[in-house]
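> coordinates only, sequence not included:
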């Protein structure tokens, strides 16, 4: 029984730092989103130059039916690419590298904190 208790404490301690590092700040993310706002909506499901980002988490890449995606992005979705925290972070850091041939002209966010904050903002807008 003592061993089980120690294991649970260890698990809790080891999980806490990872969770706190992964969590971003939605308010700071709103400021980061200003770099995206010319091409994307996060507050309403209406496309601009790029697809809307409402409810992006869990969504298959290239799947907003009212947006004309590049063949590369459509193929990504057909190949199983789903936008989760890791995939979106990798994409946001280097869009052309993560999905070669996509049409997004943005070169990427270089700060992991900015990416985490942007993800927190997008999550807050999708609830």
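Done, it's in. Source: prediction; values computed, not measured.
> so residue 126 touches residue 57, yeah?
Yes - look at residue 126 against residue 57 with Cβ atoms under 8 Å: they come within range, at 6.7 Å. Every residue, glycine included, has its C-beta placed from N, CA and C.
> can you list residues touching both of these two?
Among the neighbours of residue 126, none is also in contact with residue 57 (Cβ atoms under 8 Å, 6 or more residues apart in numbering).
> three-state assignment of residue 96?
Here residue 96 is helix, with the state taken from DSSP: H, G, I helix; E, B strand; the rest coil.
> so what's residue 56 up against?
Per Cβ under 8 Å, 6+ apart, neighbours of residue 56: 83, 88, 122, 126.
> Read off the pLDDT value for the nearest residue to residue 110 once chain neighbours are set aside.
Nearest residue to residue 110, sequence neighbours excluded (Cβ to Cβ, 6 or more residues apart in numbering): residue 93, at 7.1 Å. On the pLDDT scale, residue 93 is placed at 97.
> Let me see the ranges of the helices in this structure.
2-22, 26-33, 71-78, 85-93, 95-98, 112-126 (DSSP state H).
> on that earlier part again, within its local environment, how many residues does the residue nearest to residue 110 see?
Residues near residue 93, counting by other Cβ atoms under 10 Å, number 17.
> The one 3 residues further on too?
In terms of burial, residue 96 registers 16 neighbours under the definition other Cβ under 10 Å.
> ok, the closest residue to it other than its chain neighbours - contacts?
Leaving aside its chain neighbours, residue 96 sits nearest to residue 102 (6.9 Å; criterion: Cβ to Cβ, 6+ apart). Residues in contact with residue 102 (Cβ under 8 Å, 6+ apart) are 70, 72, 73, 76, 95, 96.
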